[in-house]
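Visitor: Just a sequence and a predicted model for now, questions to come.
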Amino acid sequence: MVHIQHALYQAEKKDPATGKYPLKLGSTKTQQGDRCLSLPADFCAEIARYRKVQLEQRLKTPDWQDTGFVFTRLNGQPISPASFSRYYRYTRHRLGIATTFHMLRHDMASRMKSANIFDLKDIQSQLGHSSIKITTDIYTHMDLVAKTKVSNWLEGGVNDLLSSQPVKSHKIP
């Protein structure tokens, strides 16, 4: 499990001592954003391997700052969201992937909905939305299978409607 309990953001004002915009740790945007998410076992194993590498790096780095973050710079400081976004953008362009990082949230919501084993409240909770309306109106999208089902249902309904009507013959005088 991973506990999402904070948001990392860049301050709006520069630090006078460094001239940089410092990173700030704040609460999540909404109360529902503070949540625990289950992770697959293989993800947990990978994070455990990464933590071991991070511990080795910590022993090599005299100015290591333990921030409690899993993914950090070599000195233990958290990676800024802007830096992470730039690296993700660079990597996806290099690999020819069109999906933005935020689009992964939409994809996850739509896949959960398509799986037919999660209700909309489960999806809302997983994404940390304050309102079910955000989940339904913005994050879950109809996939091709669902669109085809709707189209087939409509077509069947029209055919049934047309076949149940008596056919009137029109005589031309």
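Guide: Yep, it's here. Numbers count the residues shown, from 1 in each chain.

Visitor: ok, and for stretch 12-32, which residues are buried?
Guide: Leu23 (16 or more other Cβ atoms under 10 Å). C-beta: built from backbone N, CA, C; applies to glycine.

Visitor: Now do that stretch: everything it contacts.
Guide: With Cβ atoms under 8 Å, 6 or more residues apart in numbering as the contact definition, stretch 12-32 has outside contacts at 4-11, 33-34, 77-78, 80, 124-125, 128-130.

Visitor: one more time with 10 Å, if that's ok
Guide: Outside stretch 12-32, the residues that touch it by Cβ atoms under 10 Å, 6 or more residues apart in numbering are 4-11, 33-35, 67-69, 77-83, 124-125, 127-131, 134.

Visitor: Sort out for me which of the residues you listed are in strands.
Guide: Among those, the members found in strands (DSSP state E) are Ile4, Ala7, Leu8, Tyr9, Gln10, Arg35.

Visitor: follow-up on the earlier one: of the contacts of stretch 12-32, select the buried ones using a ChimeraX command.
Guide: Burial among the contacts of stretch 12-32 is assessed by 16+ other Cβ under 10 Å; the matching ChimeraX selection reads:
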select :33,78,80,124,125,127,128,129,134
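
Visitor: circling back to that earlier point, next, give me the two most distant ones among the ones in strands among the contacts of stretch 12-32.
Guide: Gln10 and Arg35 (23.0 Å; Cβ to Cβ).

Visitor: quick one on the thing from earlier: the ones in strands among the contacts of stretch 12-32 into a markdown table, with extra columns for pLDDT and distance to Ser114?
Guide: As requested, those are arranged in a markdown table below (pLDDT from 0 to 100; distance: Cβ to Cβ, whole Å):
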| residue | pLDDT | distance to Ser114 |
| --- | --- | --- |
| Ile4 | 88 | 24 |
| Ala7 | 90 | 29 |
| Leu8 | 91 | 31 |
| Tyr9 | 90 | 32 |
| Gln10 | 90 | 35 |
| Arg35 | 91 | 22 |
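
Visitor: closest to Ala48 among those residues?
Guide: Ile4 (19.0 Å).

Visitor: for this protein, which spans come out with low pLDDT?
Guide: 142-147, 149-173 (pLDDT under 70).

Visitor: which residues in it form helices?
Guide: 41-60, 81-95, 103-114, 120-127, 132-134, 144-163 (DSSP state H).

Visitor: so how far is His141 from the residue nearest the centre of the chain?
Guide: For the chain, Arg105 is the residue whose C-alpha lies nearest the centre (Cα atoms, centre = their mean; 2.3 Å). In this view, Arg105 and His141 are 12 Å apart by Cβ to Cβ, to the nearest Å.

Visitor: For Asn75, give me its contacts.
Guide: Residues counted as contacts of Asn75 (Cβ under 10 Å, 6+ apart) are Gln57, Arg58, Thr61, Pro62, Asp63, Trp64, Gln65, Thr67.
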